[in-house]
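# Coordinates for the following, if possible.
(chains A and B)
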Protein chains: 2
Amino acid sequence: MKRLAILGSTGSIGQSTLSIVEQFPDRFAVATLAAGRNVDSAFEQAVRWRPQLVSLATEELAGQLAVRLREAGVTEVQVVYGPEGTVLCSTHANADFVVSAIVGVAGLEATHAAILAGKPVGLANKECMVAAGEILTQAARERQVPILPIDSEHNAVHQCLRVGAHREVKTIWLTASGGPFRQLPLEKFEEITPEQALRHPTWVMGRRITVDSATMLNKGLEIIEACRLFDVAPDQVRVTVHPQSTVHSLVEFIDGSILAQISVTDMRLPILYALAYPERPASTLTFDLAALRHLDFEPPDFDRFPCLRLAYQAAELGGAHSIALNAADEVAVEAFLDRKIAFTGIPRTIEKVLASTAEAHPTTISEVLAADRQARQTAHEVVAQAGAHQPSHSRNLI
Amino acid sequence: MKRLAILGSTGSIGQSTLSIVEQFPDRFAVATLAAGRNVDSAFEQAVRWRPQLVSLATEELAGQLAVRLREAGVTEVQVVYGPEGTVLCSTHANADFVVSAIVGVAGLEATHAAILAGKPVGLANKECMVAAGEILTQAARERQVPILPIDSEHNAVHQCLRVGAHREVKTIWLTASGGPFRQLPLEKFEEITPEQALRHPTWVMGRRITVDSATMLNKGLEIIEACRLFDVAPDQVRVTVHPQSTVHSLVEFIDGSILAQISVTDMRLPILYALAYPERPASTLTFDLAALRHLDFEPPDFDRFPCLRLAYQAAELGGAHSIALNAADEVAVEAFLDRKIAFTGIPRTIEKVLASTAEAHPTTISEVLAADRQARQTAHEVVAQAGAHQPSHSRNLI
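Down below sits the predicted model:
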């Protein structure tokens, strides 16, 4: 029986994780839940799963939850809050496995603490690996703690890598759906609206990751994540655009064999894989191979998607530049969704922030978080400047 | 350094194996060569590779080779002949690994002897596994001898299987090019000529295997081979038609993940894999994934290709029926190439031979060979009867 700490339990990955626990009650149980700001959802989860510990974002929210649990007669669930609360969840003595699914660098400290506490981690949060990959993987190596990727691409890569030795890996090929603008003429990119960018062809996801898919910055983050997770150089990670999102990624070995992983586009599958590894429990998440007709591939277009080029640049420089790529993008996407900058302003913002970032290699989580704050501030300044110069028409935004 | 016994050294797989030895002189060397009837080629190979032992099909051919080697001043190569000569090659004390690439059941005894002698086998001969799979795999299990498939499909399956446990395998999906008649209207099948059947769209191979690809009986043999090699039931092996022959096969696991192997259509790759296993040496047999555009799949058509149905039937019954399937097909293909029966007469012949085969499970190689002879005789009778009744026009042939 694996008892889980689920960081980000009320989010999409958190809920999918709980549906897996529900489906495999003999394999998995819930130890702790870190839930964020949704008290209603946290209350329901606490009542249903009776974890030892639930953490919410603030003291106030935690107080609300504690009252509701008391009123409902649920006395065995302890409520904590804030970043310290999340760490208490991720390092709890009763947790055997930590699902790290808090979006952004907010999950970083608790994930690092879990690794230091020797707990295997299922990582659904790519920002952690982008911002602090060196720190996390070194800690995991030292403590021989497995980090199992829950991203569908990296999960696919993890599976394919089992077929050879690390020194035999030539190239990791990440597949990309190409997003909604794969075939849009380049000159139309300036006019892309938030509504258009939020329509993803194959996956239903959060707002930032959906926009990141549209700019392909998401794939850029995954390139960096792959470098850190699998200890390969940036030029060993390539992207192939595969609109059907059926092949989740491939690994090419030096002998010429390429292994590919195929499955339904359902996050429960990589979650189940990570939770049960190295076993594969029988699931109903079946891909109908008999009905498969076509798989299409094409090279990514670096002109349409300059974020890919920026990501390779940040992957090469690593450290502060990886942090800046992620932080600048988060600020730029928010500004785009608020109609402060154009769609093409996202890569322009990132490029400016990267250019003003000094090479540095943070060695602690607090240094990482400081570099992250610095990059965000720079990004806000870049966005504000752009807004001050061209306030009205989207064509003239940064 | 692995020293190889190559059974079938002058055939296509044998030559490719030697080209691998040439490319990796630090990894592989030649211990013995079993060569068949081509004295010129055997002579060249003996001079080039200086094996301990060369075997030819007959005493007369062996005599010719011995004379030529003496005249060339090559004294260290011993020449033997016949089935006993092949066994001497496959069990030679200096051989660390046996490549079994003699076509048909002729390679069976020597392959079995190699396993009994504890030598790992690279198996390119699917008839061995079809006719005597139970015997060979049991011997291999008892002696803990690995059998590494050199067929591109089974080699792909072997790779994909490394990603999970045996009990976690749901379905093995063999890809099939579909052969030259994949899209030919059913009513035209009676008129297919040997010339048409010998034109394979993706692989250049021997005559029988090319016709077997056209009838898809080859895929049928591979279904049985997969059942025996990987210890799965016939309904766990399915076929998907994939005209590009880029994906060489797939394995579906019970959790819903499917692993696929992709590579160039070059037999040197599965040979290298088998020889070097579990290592993967760097090779130049690179598949250009960046240039990949489309992969197409479709279900096999059991009406056009009744041989597939017959193969499942033989796989279920096993033993004598698997032997009969292979033997009857070999006779029928020969008769088709000699224009004695129509293309559609091939499955009809097999069906009749299977129907007249009593259920039996040979437990020794000599019992297997006796059942093989019996089935061939029945097949010759079926072909002769068909010929006697309709001697002139191909439409009226069996």
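# which non-adjacent residue is nearest A:Ala358?
A:Ala320 (6.6 Å; CB to CB, 6 or more residues apart in numbering or on different chains). (Each C-beta comes from the backbone N, C-alpha and C, glycine too.)
# Tell me, how many residues neighbour the one you found?
25 (other CB atoms under 10 Å in any protein chain shown).
# Which pLDDT value belongs to it?
What the model reports as pLDDT for A:Ala320 is 97.
# A:Arg395 too?
48.
# What score does A:Gly206 have for pLDDT?
So A:Gly206 comes in at 76 (pLDDT).
# From A:His200, how far off is it?
Counting by CB to CB, to the nearest Å, the gap between A:Gly206 and A:His200 amounts to 10 Å.
# So for these two, which sits in the more crowded spot?
Neighbours were counted for A:Gly206 and for A:His200 using other CB under 10 Å; A:His200 has more, 18 against 12.
# Report the separation between that one and chain B.
For A:His200, the distance to chain B (CB to the nearest CB, to the nearest Å) stands at 22 Å.
# do you know how far the residue nearest to A:Leu337 when sequence neighbours are not counted is from A:Ala342?
Leaving aside its sequence neighbours, A:Leu337 sits nearest to A:Pro194 (CB to CB, 6+ apart; 4.9 Å). Note on A:Pro194: its distance to A:Ala342, by CB to CB, is 11 Å.
# related to what we said a few turns ago, so how many other residues sit close to the residue nearest to A:Leu337?
For A:Pro194, the count of nearby residues is 15 (other CB under 10 Å).
# can I assume A:Gln196 is in contact with A:Pro180?
Yes - using CB atoms under 8 Å, A:Gln196 makes contact with A:Pro180 at a distance of 6.5 Å.
# Quick check: neighbours shared by these two?
Residues touching both A:Gln196 and A:Pro180 (CB atoms under 8 Å, 6 or more residues apart in numbering or on different chains): A:Ala214.
# got the contact list for the helix or strand encompassing A:Val382?
Using DSSP states H and E, the element containing A:Val382 is helix A:365-389. For helix A:365-389, contacts defined as CB under 8 Å, 6+ apart pick out A:105, A:108-109, A:112, A:131-132, A:135, A:319-320, A:323-324, A:326-328, A:330-332, A:335, A:340-341, A:345, A:348-350, A:352-353, A:356-357, A:360, A:362, A:397-398.
# And what about A:Thr137, helix, strand or coil?
A:Thr137 falls in the helix class when you classify it by DSSP: H, G, I helix; E, B strand; the rest coil.
# so who does the nearest residue to it once chain neighbours are set aside touch?
Spatial nearest neighbour of A:Thr137, chain neighbours left out: A:Arg228 (5.8 Å); criterion: CB to CB, 6+ apart. By CB under 8 Å, 6+ apart, the contact list for A:Arg228 reads A:129-130, A:133-134, A:136-137.
# now A:Thr86
A:7, A:34, A:55, A:102, A:106-107, A:109-110.
# which of the residues you listed has the weakest pLDDT?
Minimum pLDDT across the contacts of A:Thr86 falls on A:Ala106, with 85.
# can you count the residues close to that one?
19.
# can you check the one 4 residues further on too?
The number of residues packed near A:Ala110 is 27, by other CB under 10 Å.
# Touching, it and A:Ser90? I think so.
Yes - the pair A:Ala110 / A:Ser90 is scored as a contact, 4.0 Å apart, by CB under 8 Å.
# Show me the common contact partners of these two, please.
With CB under 8 Å, 6+ apart, A:Ala110 and A:Ser90 have common neighbours A:7, A:34, A:98, A:100.
# Most neighbours among those, which one is it?
With neighbours set by other CB under 10 Å, the maximum within those is found at A:Ala34, which has 35 neighbours.
# sec struct for that one, please.
Following three-state DSSP, the label given to A:Ala34 is strand.
# how far away is it from B:Pro347?
A:Ala34 is 63 Å from B:Pro347, by CB to CB.
# One more: A:Arg143?
Counting by CB to CB, the gap from A:Arg143 to B:Pro347 is 61 Å.
# With A:Ala370 instead?
The value you get for A:Ala370 to B:Pro347, if CB to CB is used, is 74 Å.
# Looking at those two, which has the bigger crowd around it?
Between A:Ala370 and B:Pro347, B:Pro347 has the larger neighbour count (other CB under 10 Å), namely 23 against 15.
# pretty sure that one is touching B:Thr215, no?
Yes - B:Pro347 is in contact with B:Thr215 according to CB under 8 Å; the separation is 6.6 Å.
# Give the residues shared as contacts by the two.
Common contact partners of B:Pro347 and B:Thr215 (CB under 8 Å, 6+ apart): B:Cys307.
# In the stretch 101-250 of chain A, which residue sits nearest chain B?
A:Glu168 (4.3 Å; CB to the nearest CB).
# which one is that residue nearest to, not counting chain neighbours?
Once flanking residues are discounted, A:Glu168 sits nearest to B:Arg280: 4.3 Å by CB to CB, 6+ apart.
# Where does that neighbour fall, secondary structure wise?
Under DSSP H and E, no helix or strand contains B:Arg280.
# right, and it touches A:Ser257 too?
Yes - with contact defined as CB under 8 Å, B:Arg280 reaches A:Ser257; the gap is 7.1 Å.
# ok so, going back, in contact with the residue of the stretch 101-250 of chain A closest to chain B, which residues?
A:253-255, B:279-280.
# Any chance of these in JSON lines with distance to A:Lys188 and pLDDT as columns?
Output for these, formatted as JSON lines (distance: CB to CB, whole Å; pLDDT from 0 to 100):
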{"residue": "A:Phe253", "distance to A:Lys188": "40", "pLDDT": "98"}
{"residue": "A:Ile254", "distance to A:Lys188": "41", "pLDDT": "98"}
{"residue": "A:Asp255", "distance to A:Lys188": "43", "pLDDT": "98"}
{"residue": "B:Glu279", "distance to A:Lys188": "50", "pLDDT": "97"}
{"residue": "B:Arg280", "distance to A:Lys188": "45", "pLDDT": "98"}
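# Just the buried ones among those residues, please.
A:253-255, B:280 (16 or more other CB atoms under 10 Å in any protein chain shown).
# helix/strand/coil for A:Leu148?
strand.
# Just the pLDDT for it.
Reading off the model, A:Leu148 has pLDDT 98.
# same question, A:Thr215
97.
# Surely A:Val54 forms part of a strand?
Yes - using three-state DSSP, the assignment for A:Val54 is a strand.
# Now do it against B:Ala57, distance only.
From A:Val54 to B:Ala57 the distance is 78 Å (CB to CB).
# now A:Ala291
Applying CB to CB to A:Ala291 and B:Ala57 gives a distance of 49 Å.
# Ok, A:Arg162 next?
In terms of CB to CB, A:Arg162 sits 44 Å off from B:Ala57.
# Who has more neighbours out of the two?
Between A:Arg162 and B:Ala57, counting by other CB under 10 Å, B:Ala57 is the more crowded of the two (20 against 13).
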